[in-house]
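Q: can't give you the sequence, but here's the structure:
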């Protein structure tokens, strides 16, 4: 699957989210809380909304990768973490991301691969 096809599918599934038009500041944290409580469907929806709202930021992709990892959807999880890494690398190049964040994403990729 390509990123374009993935985003198109998400837009069809969740048409009410428009990029850069949402108050999404807390959505990542909300998604993580749902994930920690085992509320995977709620976490999945929150991270999908975040991806649609901020498609060029890595947080939503990382969060959804974690959900899919827990659900055993490993191929999709790997696709999403790869996208998160690509986006994070751009932020690192721009100087707006700490290397530790990128290393954590790469560590998550390895965890997914080991399952």
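A: Done, it's in. Quantities reported herein were computed from a predicted structural model and do not represent experimental measurements. Numbering: from 1, shown residues only.
Q: drop to CA atoms for contacts and neighbour counts, all remaining ones
A: Noted.
Q: now the helices for this protein?
A: 3-13, 27-36, 40-53, 58-71, 74-94, 99-114 (DSSP state H).
Q: looking at these, which is closest to residue 21?
A: helix 40-53 (6.9 Å; Cα to Cα).
Q: show me which of the helices of the chain has the highest average neighbour count.
A: Stretch with highest mean neighbour count among these: helix 58-71 (a mean of 24; mean count of other Cα atoms under 10 Å).
Q: let me have the helices of the chain in JSON lines, extended by mean pLDDT.
A: Formatted as JSON lines, those follow (pLDDT from 0 to 100):
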{"stretch": "helix 3-13", "mean pLDDT": "96"}
{"stretch": "helix 27-36", "mean pLDDT": "97"}
{"stretch": "helix 40-53", "mean pLDDT": "98"}
{"stretch": "helix 58-71", "mean pLDDT": "98"}
{"stretch": "helix 74-94", "mean pLDDT": "97"}
{"stretch": "helix 99-114", "mean pLDDT": "97"}
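Q: and those helices as CSV, adding distance to residue 21?
A: As requested, the helices of the chain are exported to CSV (distance: least, Cα to Cα, whole Å):
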stretch, distance to residue 21
helix 3-13, 14
helix 27-36, 14
helix 40-53, 7
helix 58-71, 16
helix 74-94, 20
helix 99-114, 26
